[in-house]
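A.B. asks: Sequence first, predicted model second:
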Amino acid sequence: MADAWSIRRVYLALYNCILCAGWASVLVRALAALNGAGYSAVYDSIELPLQLSQTAAILETMMNAGIVRSPVSATLPQISSRLFVTWGVLWSFPEVTRSHWLVTLLVLSWSVTEVIRYSFFAAKEAFGLTPGFLHWLRYSTFFVLYPTGISGEVGLTMLALSHMKSSKKYSIEMPNAFNFAFSYYYTSLLVLLLYVPGILR
């Protein structure tokens with residue numbers, strides 16, 4: 001049992017350290033691009049580390065199902081919405097999203113939040129405690145970074161809506177062999193509606 005507990009702590013410490021480094025890379029690259037070419041260049045400078053860091057968060061839903069005590073229901077909505085924006089909006093509709101200033105708002109909100117969060121948990125798993133300043137940052141910056149992050153996610157999705165509708169990308173129209181129809185545009189509208197409870201809480 002002790003060995004299993006030690007392996008768990010080492011794994012979680014490494015996972016959190018790696019993700020902290022990934023998001024720190026996103027943050028540093030975004031700030032450098034913003035300082036250099038401006039907000040229109042931010043996405044191109046952070047695309048790969050953003051995609052890798054955000055997609056790696058899928059592991060958290062697996063860990064919550066058995067390794068850590070947090071319920072899956074606490075992390076799944078946030079991870080799902082971020083994956084939707086990362087892949088379903090930014091990657092899928094670059095012509096209308098990537099050079100917009102909302103990308104900067106989104107990326108800075110996400111990266112600062114995650115650097116704080118992953119460093120908090122890395123310290124907790126590695127040393128059994130967290131520095132006071134990290135504890136303060138984790139539970140104080142939320143009040144600013146949560147609404148700015150949500151604003152970026154919702155704003156970029158809304159920007160892409162008209163292109164989703166006109167391009168019909170990822171949509172399936174009838175008639176077809178499976179007698180099945182799917183609208184990516186209306187699915188995205190539904191995703192936007194799911195933000196409402198989080199905004200109002």
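C.D. replies: Happy to help now that I have it.
A.B. asks: Every contact and neighbour count from this point should use C-alpha atoms.
C.D. replies: Will do.
A.B. asks: Tally up the residues packed near Y39, please.
C.D. replies: Here the neighbour count serves as a burial measure; for Y39 (other CA atoms under 10 Å) it reads 20.
A.B. asks: Hmm, I typed the wrong one, I wanted S81.
C.D. replies: Around S81 there are 18 other residues, counting by other CA under 10 Å.
A.B. asks: can you check A177 too?
C.D. replies: Using other CA under 10 Å, A177 is surrounded by 6 other residues.
A.B. asks: avg pLDDT for stretch 112-132?
C.D. replies: Rounded to a whole number, the mean pLDDT of stretch 112-132 is 93.
A.B. asks: Next, the buried residues of it.
C.D. replies: Going by neighbour count (16 or more other CA atoms under 10 Å), the buried part of stretch 112-132 is 112-126, 130.
A.B. asks: again with stretch 158-169
C.D. replies: So stretch 158-169, judged by 16+ other CA under 10 Å, has buried residues M158, L159, A160, L161, M164.
A.B. asks: Also stretch 33-43?
C.D. replies: Of the residues in stretch 33-43, those with enough neighbours to count as buried (16+ other CA under 10 Å) are A33, L34, Y39, S40, A41, V42, Y43.
A.B. asks: Could you find the closest non-adjacent residue to the first one?
C.D. replies: Just to be clear, that refers to A33. If you skip the residues right next to it in sequence, A33 has V42 as its closest partner in space, 5.3 Å away by CA to CA, 6 or more residues apart in numbering.
A.B. asks: Check the offset of the helix or strand the one you found falls within from the chain's centre.
C.D. replies: V42 belongs to helix 42-56 when assigned by DSSP states H and E. Averaging C-alpha positions (CA atoms, centre = their mean, to the nearest Å) puts helix 42-56 10 Å from its chain's average.
A.B. asks: Show me what that helix is in contact with.
C.D. replies: Under the contact criterion CA atoms under 8 Å, 6 or more residues apart in numbering, helix 42-56 has outside partners 19, 22-23, 25-26, 29-31, 33-34, 79, 82-83, 86-87, 98-99, 103-104.
A.B. asks: Throw together a PyMOL command that grabs the buried residues out of those residues.
C.D. replies: In PyMOL, the members of the contacts of helix 42-56 classed as buried (16+ other CA under 10 Å) are selected with the following command:
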select buried, resi 19+22+23+25+26+29+30+31+33+34+79+82+83+86+98+99+103+104
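A.B. asks: tell me the secondary structure for the residue nearest to the spatial centre of the chain?
C.D. replies: Centroid-nearest residue in the chain: R82, 3.7 Å away (criterion: CA atoms, centre = their mean). At R82, secondary structure determined by DSSP: H, G, I helix; E, B strand; the rest coil is helix.
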